[in-house]
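Participant: have a look at this fold, sequence not included:
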């Protein structure tokens with residue numbers, strides 16, 4: 001049994017989600033291979049070869065793989081899985097994984113198992129349903145299991161200590177179905193939201209974009225935290241979409257999650273309730289967020305947050 005993990009990277013370094021996905025793959029049993037599909041990504045392949053438990057790194061390098069567009073990446077995966085060389089194909093349940101693996105599953109005529117958070121055996125997995133309010137146990141009888149991994153459900157493996165062989169292969173031809181146009185990246189000195197150890201999130205209770213930045217940015221700076229937001233705050237225009245935490249945003253599981261002025265709608269809770277410690281600050285004592293919080297403060301956030309910042313020195 002051999003398992004193929006689709007690495008997520010920026011052609012310079014591996015994304016942390018790859019390490020969580022390798023952890024899930026190792027629990028399935030068998031040899032683990034990693035596919036590095038990119039352009040001028042030799043450094044990424046070298047980094048992947050250092051991951052313990054990985055026996056081979058497969059490196060496909062071509063300009064049309066630079067941005068890991070779903071159409072081309074799927075074709076590269078299908079070329080590798082031809083003849084059932086792999087029993088499992090795993091990718092992080094990120095934008096790239098969600099865009100690519102359904103194409104692979106459809107072409108292989110198998111049912112994808114999405115967003116797994118626990119491996120029970122090589123063919124049986126747990127995944128959340130109903131916005132995380134229930135956990136489904138799913139068994140796949142398909143010859144190739146195509147799986148996306150909820151990275152917060154698995155502790156990352158180490159990124160050093162391994163010695164996998166690197167095999168360079170020919171890239172598939174450009175499908176020419178889609179083309180990369182541009183991307184806009186918000187530059188920030190703060191940690192990346194999905195990988196941060198501390199997250200400070202704000203909701204509609206902050207009242208305005210000005211108050212969001214005025215109150216939460218100093219708190220995040222004191223804690224070395226990433227900034228997040230509820231869907232209501234994003235929809236209200238307080239912050240951009242990439243700040244959103246929740247079922248339709250980013251799934252996070254930091255060591256500390258501070259929810260400020262967030263009521264705790266089901267779709268938001270689905271994105272953060274796996275956090276190790278949850279602190280909620282809200283003036284409504286009946287807010288659902290207090291049902292999952294480890295520590296709750298019923299108070300006016302416009303008074304409580306400045307006081308908290310002052311206490312942090």
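Facilitator: Structure's in. What do you need? Computed from a prediction, not measured in an experiment: that's the story for all the values here.

Participant: give the helix, strand or coil label for residue 35.
Facilitator: The three-state label given to residue 35 by DSSP: H, G, I helix; E, B strand; the rest coil is strand.

Participant: now do the contacts for residue 153.
Facilitator: Counting by Cβ atoms under 8 Å, 6 or more residues apart in numbering, residue 153 makes contact with 20, 24, 116, 117, 118, 274. C-beta here means a position set from N, CA and C on the backbone, and glycine is covered the same way.

Participant: roughly how far apart are the fourth one and residue 34?
Facilitator: Counting by Cβ to Cβ, to the nearest Å, the gap between residue 117 and residue 34 amounts to 21 Å.

Participant: now swap in the third one and tell me
Facilitator: In this view, residue 116 and residue 34 are 18 Å apart by Cβ to Cβ.

Participant: poorly predicted segments of the stretch 51-200 of the chain, please.
Facilitator: Where the stretch 51-200 of the chain drops to pLDDT under 70, the residues are 185-187.

Participant: just the helices in it please.
Facilitator: In the stretch 51-200 of the chain, the helices defined using DSSP state H, counting those that start in this stretch lie at 70-81, 95-108.

Participant: which of those sits most buried?
Facilitator: Across those, averaging neighbours per residue (mean count of other Cβ atoms under 10 Å) puts helix 70-81 on top, at a mean of 21.

Participant: what separates that helix from the chain centre, distance-wise?
Facilitator: Using Cα atoms, centre = their mean, to the nearest Å, the mean C-alpha position of helix 70-81 is found 21 Å from that of the whole chain.

Participant: what do you get for stretch 248-259?
Facilitator: 11 Å.

Participant: ok so, going back, who's more crowded, residue 117 and residue 34?
Facilitator: residue 34 (29 against 20; other Cβ atoms under 10 Å).

Participant: surely that one and residue 53 touch.
Facilitator: No: using Cβ atoms under 8 Å, residue 34 makes no contact with residue 53, being 10.2 Å away.

Participant: need the overlap of contacts for those two.
Facilitator: Joint contacts of residue 34 and residue 53 (Cβ under 8 Å, 6+ apart) are residue 22.

Participant: show me where the stretch 101-250 of the chain has strands.
Facilitator: Assigned by DSSP state E, counting those that start in this stretch, the strands in the stretch 101-250 of the chain fall at 113-116, 118-121, 124-129, 134-139, 145-149, 165-169, 198-202, 226-229.

Participant: next, the buried residues of the second one.
Facilitator: Within strand 118-121, the residues scored as buried using 16 or more other Cβ atoms under 10 Å are residue 119.

Participant: each with direction, which strands does that strand pair with?
Facilitator: Looking at strand 118-121 with DSSP bridges, its partner strands are strand 124-129 (antiparallel).

Participant: can you check the first one too?
Facilitator: Based on DSSP bridges, the pairing partners of strand 113-116 within the sheet are strand 145-149 (parallel).

Participant: list the contacts of the partner strand.
Facilitator: The contact list for strand 145-149 (Cβ under 8 Å, 6+ apart) reads 20-21, 24, 28, 87-93, 97-98, 101, 104-105, 108, 110-116, 122-123, 125.

Participant: and stretch 84-93, by the same measure?
Facilitator: By Cβ under 8 Å, 6+ apart, stretch 84-93 touches 1-6, 8, 15, 17-18, 20-21, 24-25, 28, 30, 33, 77, 80-81, 97, 100-101, 104, 114-115, 122, 143-151, 251.

Participant: out of those, which are buried?
Facilitator: Buried among the contacts of stretch 84-93 (16+ other Cβ under 10 Å): 3-6, 8, 15, 17-18, 20-21, 24-25, 28, 33, 77, 80-81, 97, 100-101, 104, 114-115, 122, 144-151, 251.

Participant: among the strands of the stretch 101-250 of the chain, which is nearest residue 184?
Facilitator: strand 226-229 (17.3 Å; Cβ to Cβ).

Participant: ok now that closest one, how far from the chain's centre?
Facilitator: 15 Å.

Participant: same check on stretch 60-79?
Facilitator: 20 Å.

Participant: how about stretch 229-240?
Facilitator: 20 Å.

Participant: try stretch 165-184
Facilitator: In terms of Cα atoms, centre = their mean, the centre of stretch 165-184 is set 21 Å apart from its chain centre.

Participant: mind splitting this protein into its structural domains?
Facilitator: Annotated domains of the chain cover 2-169, 198-312 [the TED database].
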